[in-house]
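**Student:** Here is my input; please provide its structure:
(chains A and B)
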Protein chains: 2
Amino acid sequence: MKAAVYHGPRDIRVETVPDPALQRPTDAVVRVVNAAICGSDLWPYRGIATNWTAGSRIGHEFIGVVEEAGADLRTFKRGDIVAAPFSYSDNTCDYCHAGIYTSCRHGGFWGGADEDGGQGQFVRVPFADGTLRPIPAAVAHDEKKRASALTLTDVMSTGHHGCVRAGVKAGSSVAVIGDGAVGLCAIISAHRSNAARIFALGHHAARLELARAFGATDIVDSKDPDAAQKIIDATDGGVACVVEAVGSQATMDLGVSIVRPGGTLAYVGVPYGVSTFNARKLFSDNISIAGALAPTRAYIDELMTDVVLGKIDPGAVLTLRLPLEGTPDGYKAMDDRSTIKVLLEISAV
Amino acid sequence: MKAAVYHGPRDIRVETVPDPALQRPTDAVVRVVNAAICGSDLWPYRGIATNWTAGSRIGHEFIGVVEEAGADLRTFKRGDIVAAPFSYSDNTCDYCHAGIYTSCRHGGFWGGADEDGGQGQFVRVPFADGTLRPIPAAVAHDEKKRASALTLTDVMSTGHHGCVRAGVKAGSSVAVIGDGAVGLCAIISAHRSNAARIFALGHHAARLELARAFGATDIVDSKDPDAAQKIIDATDGGVACVVEAVGSQATMDLGVSIVRPGGTLAYVGVPYGVSTFNARKLFSDNISIAGALAPTRAYIDELMTDVVLGKIDPGAVLTLRLPLEGTPDGYKAMDDRSTIKVLLEISAV
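**Tutor:** Next comes the predicted model:
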């Protein structure tokens, strides 16, 4: 089969790799219909994540059709249309039972040296019953809704997890830092929770326009040196909830500076070079910092219902469609920020 | 009147200072019956907190009797026996209504250049209706229970706040770092919440014995280089809740290392020199860090009920009784750790 392979910084190639096969009776092999390129795929692409070896498989956001089902599967069978969270999990361990599927004692992540990546024609899915979630036919056969379903595997569920971990609820004041796909999806989540005020911090006009369409009530230029003070003034002390969707020291510091006493900052971006925090401010103001790698499996069903009903449209963050062969171009387009996020059209439903 | 005055590192004197008087109709003047010396008083005493000026008043834990009541008071009158949280608050602002009295928009703290300190004969209490809590006669006239009531002004309520912020509930696994008064009180709180397993980390035998009496199920020598691994092994991955009651970088790092995925570390010790955190571990394991300056006013009534019923005995952390004149000796005894915490006997109930 064909799949994207990482060969080094700015060197992603689509190559022939071994076809996956069932290895254990709890496996499934999924034929990928759509995959996406994630902002976090850019860390190795840009050479910032240095733990990637040439030949690694890449991609962790995909939806598809069960091609082969292991003998022990009870939930899924050949032909089922499924969404795969960005991590696999057995759904039997204590961490899974606590809803933290990303910490599954037997789980793991797509791609790398040991697993198939999502950006390819097929993926062997370990613990398929514990990992996959069904996609309703009405979603699968609607191109726009199918794109939204694809976002539930990562960015939409990740943005939502940020809101969950930041304590967003009806009436909350929320600030979302970052106008990438995850930040935009966090705005959808905050709006869906009836947050009263939603600040979108970013600096790309087109993306901030989408933020407004998704429900942001206030657009703030994150490069404005007075950005923090403006938010503090507008909220008489800061926002209750911050979703930090970048993962840098500067954005974390900006985030902490705008949390009001008793509030929470959740960070959903993989942190690179983040090491310090304002311990005294957190202490004096009873602020929490919540790490938030999203156990997206926990949210797919709930959010899928909103996709079915047309209540949310996170697929709008997928601003460029390419065939699998176009994957390297997709990375390039995301790297130079000429597109928000790429959807790969790999096979028919 | 007589009161303790800070003159510089290791230089606390009991001197004659001006008698306080009502300044606003919402004030009260409280005659202090008992005050305590707090671990955080040692920061200026040891010269680590450098923002203290000579002549500052000190002490923020006291109980007493209302000597004069301002004309606008509706809750308290002359003769009432009261406990004062370590911060004063108007109980009318949005932060007070959210229960974060320490962030009151018009509140403040005892001592310093502007307010009376708790270690003295009288204290002017701003916003007395919003600040003070009543002490039942049955507690006030029982020496042991009165000592426990004194701890509700700070250390017991602070230990409890640590448990609240760390999410301790029935069945939780908890680790408390620090065997000072606050750490010991956190153990009382965890035990009171029916936590299943309570690790006490410290290195003073007598204090750890008290930890055991307060409900700790496991005693761990915090100087053992394998302390963290032992707790991780004993809990198959770490504890759900950590209450960090020291406030140093080393104890914060130790705390984060023993939190299980999905867990929370709350820190109740004023952080000195704490600036870094393991952002990647917090992210990957969905861990939260919660700053936790205790709004003790929020807890006094609830905990007082347990004192009335004899269900908790936090007064046991007050291991040395001295008259007001002995305050300098009390600081010395706490500084050299020959006693856990000092109760000052200032006037009769």
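
**Student:** Can you tell me what sits against the helix or strand containing A:R146?
**Tutor:** Assigned by DSSP states H and E, A:R146 belongs to helix A:143-152. With Cβ atoms under 8 Å, 6 or more residues apart in numbering or on different chains as the contact definition, helix A:143-152 has outside contacts at A:33-36, A:61-63, A:83, A:133, A:135, A:138-140, A:156-157, A:181, A:185, A:296, A:299-300, A:303-304, A:307-308, A:310, A:312-315, A:317-318, A:343, A:349. Where C-beta positions appear, they are placed from N, C-alpha and C, glycine not excepted.

**Student:** Just those residues: which are in strands?
**Tutor:** If you go by DSSP state E, those have A:V33, A:N34, A:A35, A:A36, A:E61, A:F62, A:I63, A:A83, A:R133, A:L343 in strands.

**Student:** Mind listing what's buried along the helix holding A:R146?
**Tutor:** Buried positions in helix A:143-152, judged by neighbour count with 16 or more other Cβ atoms under 10 Å in any protein chain shown: A:K145, A:R146, A:A147, A:S148, A:A149, A:L150, A:T151, A:L152.

**Student:** Please read off the pLDDT at the third one from the model.
**Tutor:** According to the predicted model, the pLDDT of A:A147 comes to 98.

**Student:** excluding its backbone neighbours, what's nearest it?
**Tutor:** Nearest residue to A:A147 in three dimensions, chain neighbours excluded: A:G315, at 3.1 Å (Cβ to Cβ, 6 or more residues apart in numbering or on different chains).

**Student:** count of neighbours near the one you found?
**Tutor:** Residues near A:G315, counting by other Cβ atoms under 10 Å in any protein chain shown, number 24.

**Student:** what does the one 10 residues further on give?
**Tutor:** The tally of other residues near A:E325 (other Cβ under 10 Å) stands at 12.

**Student:** so what's the closest residue to it other than its chain neighbours up against?
**Tutor:** Take A:E325 and drop its neighbours on the chain: the residue closest to it by Cβ to Cβ, 6+ apart is A:V14, 5.4 Å away. A:V14 makes contact with A:K2, A:A3, A:A4, A:V5, A:L324, A:E325, A:T327, A:P328, according to Cβ under 8 Å, 6+ apart.

**Student:** In ChimeraX, how would I select just the buried ones from those?
**Tutor:** Burial among these is assessed by 16+ other Cβ under 10 Å; the matching ChimeraX selection reads:
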select /A:2,3,4,5,324,327,328
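
**Student:** ok, of the contacts of A:V14, which one's closest to chain B?
**Tutor:** For these, the minimum distance to chain B (Cβ to the nearest Cβ) is 24.1 Å, reached by A:A4.

**Student:** Quick check, pLDDT for the closest one.
**Tutor:** Predicted confidence (pLDDT) for A:A4: 98.

**Student:** re earlier: so which of the contacts of A:V14 belong to strands?
**Tutor:** Judged by DSSP E, the contacts of A:V14 include A:K2, A:A3, A:A4, A:V5 as members of strands.

**Student:** Of the residues you listed, which are in range of chain B?
**Tutor:** By Cβ under 8 Å from any Cβ of the partner chain, no member of these lies near chain B.

**Student:** Show me the two of those residues that sit farthest apart.
**Tutor:** Spatially, the most separated pair among the ones in strands among the contacts of A:V14 is A:K2 and A:V5, at 9.8 Å (Cβ to Cβ).

**Student:** hey, where'd the strands end up in the stretch 51-200 of chain A?
**Tutor:** For the stretch 51-200 of chain A, the strands defined by DSSP state E, counting those that start in this stretch occupy A:56-57, A:61-69, A:81-84, A:87-88, A:108-109, A:122-125, A:133-134, A:173-177, A:197-202.

**Student:** Tell me which other helices or strands the second one touches.
**Tutor:** It refers to strand A:61-69. strand A:28-37, strand A:81-84, strand A:122-125, helix A:143-152 (3 or more Cβ pairs under 8 Å, 6 or more residues apart in numbering or on different chains; DSSP states H and E).

**Student:** distance between the following helix or strand past the first one and the chain's centre?
**Tutor:** Tracing the chain past strand A:28-37, the next element assigned as helix or strand by DSSP H and E is helix A:42-45. Between the mean C-alpha location of helix A:42-45 and the chain-wide mean there is a distance of 15 Å, by Cα atoms, centre = their mean, to the nearest Å.

**Student:** Could you do stretch A:100-109 as well?
**Tutor:** With Cα atoms, centre = their mean as the basis, stretch A:100-109 stands 16 Å off its chain's centre.

**Student:** near chain B, anything from that stretch?
**Tutor:** Yes: counting by Cβ under 8 Å from any Cβ, chain B is contacted by stretch A:100-109 at A:I100, A:T102, A:S103.

**Student:** Residue of the stretch 101-250 of chain A nearest chain B, please.
**Tutor:** Of all residues in the stretch 101-250 of chain A, the one sitting closest to chain B is A:S103 (3.7 Å; Cβ to the nearest Cβ).

**Student:** Tell me the residues of chain A that contact chain B?
**Tutor:** For chain A, the contact set with chain B under Cβ under 8 Å from any Cβ comprises A:94-95, A:98-100, A:102-103, A:165, A:236-237, A:252, A:261-262, A:264, A:267, A:270-271, A:274-277, A:279-293, A:295.

**Student:** Please enumerate the shared neighbours of A:K2 and A:V5.
**Tutor:** Common neighbours of A:K2 and A:V5 are listed as A:V14, A:E15, A:V17 (criterion: Cβ under 8 Å, 6+ apart).

**Student:** Please tabulate these in TSV and include pLDDT, distance to B:V123 and secondary structure as additional columns.
**Tutor:** TSV is the format used below for the shared contacts of A:K2 and A:V5 (pLDDT from 0 to 100; distance: Cβ to Cβ, whole Å; DSSP: H, G, I helix; E, B strand; the rest coil):
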residue	pLDDT	distance to B:V123	secondary structure
A:V14	98	75	strand
A:E15	98	77	strand
A:V17	98	75	coil
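
**Student:** The stretch 151-300 of chain A: helices as residue ranges?
**Tutor:** Counting by DSSP state H, counting those that start in this stretch, the stretch 151-300 of chain A has these helices, from start to end: A:155-166, A:181-192, A:205-214, A:227-234, A:249-257, A:279-284, A:297-308.

**Student:** Would you reformat the ones you listed as TSV and include mean neighbour count and mean pLDDT?
**Tutor:** Shown next, in TSV, are the helices of the stretch 151-300 of chain A (neighbours: other Cβ atoms under 10 Å in any protein chain shown; pLDDT from 0 to 100):
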stretch	mean neighbour count	mean pLDDT
helix A:155-166	30	98
helix A:181-192	29	98
helix A:205-214	18	96
helix A:227-234	17	98
helix A:249-257	19	97
helix A:279-284	19	97
helix A:297-308	20	98
